[in-house]
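Enquirer: predicted structure and sequence below. I'll ask about it afterward.
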Amino acid sequence: MEEEPQLVRRSVRRCRKILGSEARSVSAATSSRADHLPSVDTVAARVEFRSGVRGSVAATYACSGRRFELEVTGTQGTVLLQRRRDGPGYRITVNESTVEEYGFGGVEAELLSFADACRRGRDADCNSPDEAVKDLMMVE
């Protein structure tokens, strides 16, 4: 995939962290839908994780609004993670009942972690080189 968008890498990172497993196989289609974007802006993928979990990922920059949702359906119901539209943060819904809302750490927390790691001469917890390679392996 040529110059894959950060959106794809972040989606991959979220899936890996939440599911606690590495990908066994990935089948994806990419496209360029928006003329004003320089490279691939849309991806649809089917992913099978080593744990046996299967899922799909759809991500695009070729839209006018920003929306993030992660839905996991299992034998005991559904968990839905959504970025709030009425302010910063996320809302978690379990089996159609809102459970909790969280604030938004965003990129700022990653940058602070990286700066702290540089000062201390160690890898950053949230975005170590090993974790970045795992993200890229799944995207590629």
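Expert: In hand now; what should we look at?

Enquirer: ends of stretch 96-112, how far apart?
Expert: Counting by CA to CA, to the nearest Å, the length from the leading to the trailing residue of stretch 96-112 is 35 Å.

Enquirer: now the strands: where do they sit in this structure?
Expert: 23-31, 42-49, 54-60, 69-74, 77-83, 90-94, 97-102 (DSSP state E).

Enquirer: so which elements touch the longest one?
Expert: What that stands for is strand 23-31. strand 42-49, helix 129-139 (3 or more CB pairs under 8 Å, 6 or more residues apart in numbering; DSSP states H and E). Any C-beta I mention is one placed from the backbone N, CA and C, and that applies to glycine too.

Enquirer: before we move on, the earlier item: could you provide the strands of the chain in TSV, with additional columns for mean pLDDT, mean neighbour count and distance to residue 114?
Expert: Listed next are the strands of the chain as TSV, based on pLDDT from 0 to 100; neighbours: other CB atoms under 10 Å; distance: least, CB to CB, whole Å:
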stretch	mean pLDDT	mean neighbour count	distance to residue 114
strand 23-31	85	14	25
strand 42-49	85	18	26
strand 54-60	83	15	23
strand 69-74	83	12	24
strand 77-83	87	15	23
strand 90-94	88	15	22
strand 97-102	82	10	22
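
Enquirer: export those strands as TSV, with columns for distance to residue 115.
Expert: Converted to TSV, the strands of the chain look like this (distance: least, CB to CB, whole Å):
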stretch	distance to residue 115
strand 23-31	30
strand 42-49	30
strand 54-60	28
strand 69-74	28
strand 77-83	25
strand 90-94	24
strand 97-102	23
